[in-house]
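Peer 1: This is the structure alone, sequence omitted:
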């Protein structure tokens with residue numbers, strides 16, 4: 001028996017109180033991008049399946065490399081339901097970033113799909129990347145290990161979702177909370193308006209306060225060094241800076257302006 005099955009480095013770092021700085025992975029499909037990101041000093045990559053062409057096969061390749069590199073990925077599925085949660089966990093993903101969580105009932109469904117009994121009713125797969133193909137682990141050991149290591153972040157993207165903020169933040173099996181600023185801003189009717197930044201920050205503060213109250217982690221998307229510092233100082237530990245597409249665009253745009261003198 002392997003006495004020390006591989007764990008989730010993101011969960012371990014957050015439990016030590018170490019801020020984790022990552023980025024959205026939305027376009028680059030080559031799993032080697034994870035090696036580059038680790039070498040560049042990032043702590044994790046958040047892989048988006050909701051708004052991209054990334055497939056489950058690509059995610060499976062990334063999950064295996066992620067474990068080998070000890071460089072975590074968090075995956076946002078197209079929908080936070082049992083089908084997607086089961087498939088992502090079974091291909092070796094530890095960290096789920098669940099979109100459009102509308103209420104406490106939906107959050108409970110996510111917990112049940114992502115954890116084995118007695119925490120939930122996650123479907124039982126066989127020997128796979130999710131178990132590092134370790135056939136020496138008993139079913140009981142495998143389930144207990146998975147329940148400890150899986151890490152679930154839920155996204156609040158509508159005003160109605162905040163009606164159940166306290167109940168969701170208090171729920172065992174929900175590890176971190178965040179907002180989806182673009183969709184939330186749209187739902188609140190503030191997108192493109194002068195008050196948008198203030199209103200969204202008010203909702204970020206509500207998330208942060210709920211996390212403090214219930215001992216959960218707050219996660220935030222930031223687009224600048226100043227935003228990063230602001231939320232780190234506020235106590236946010238899970239921070240995603242920009243995206244692969246944005247960083248590539250800005251980098252090439254700046255280079256071409258310099259090269260072409262425009």
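Peer 2: Okay, I see it. All values derive from a computational prediction rather than experimental measurement. Numbering: from 1, shown residues only.

Peer 1: At which residues are the helices of the stretch 101-250 of the chain located?
Peer 2: For the stretch 101-250 of the chain, the helices defined by DSSP state H, counting those that start in this stretch cover 104-114, 139-149, 165-169, 181-188, 196-214, 225-234, 244-260.

Peer 1: Out of those, which gets the lowest mean score?
Peer 2: Among those, helix 139-149 carries the lowest mean pLDDT, at a mean of 92.

Peer 1: Counting by contacts, list what that one packs against.
Peer 2: On a contact count with 3 or more Cβ pairs under 8 Å, 6 or more residues apart in numbering; DSSP states H and E, helix 139-149 meets no helix or strand. Placement of C-beta: from N, CA and C, glycine included.

Peer 1: looking at the helices of the stretch 101-250 of the chain, which is closest to residue 20?
Peer 2: The stretch from those with the least distance to residue 20 (Cβ to Cβ) is helix 225-234; that distance is 10.7 Å.

Peer 1: Touching that closest one from outside, list them.
Peer 2: 19, 21, 204, 208, 220, 222, 239, 241 (Cβ atoms under 8 Å, 6 or more residues apart in numbering).

Peer 1: Mind checking which of those are in strands?
Peer 2: Among the contacts of helix 225-234, the members found in strands (DSSP state E) are 21, 220, 222, 239, 241.

Peer 1: Now do the nearest residue to the third one once chain neighbours are set aside against residue 242, distance only.
Peer 2: Counting by Cβ to Cβ, 6 or more residues apart in numbering, residue 228 is the residue found nearest to residue 222 once chain neighbours are left out, at 4.8 Å. Using Cβ to Cβ, to the nearest Å, we find residue 228 at a distance of 10 Å from residue 242.

Peer 1: Mutual contacts of these two, please.
Peer 2: Common neighbours of residue 228 and residue 242, counting by Cβ under 8 Å, 6+ apart, are residue 222.

Peer 1: in the sheet, who's paired with the residue most central in space within the chain?
Peer 2: Centroid-nearest residue in the chain: residue 97, 3.6 Å away (criterion: Cα atoms, centre = their mean). Applying DSSP bridges to residue 97 yields these beta-bridge partners: residue 153.
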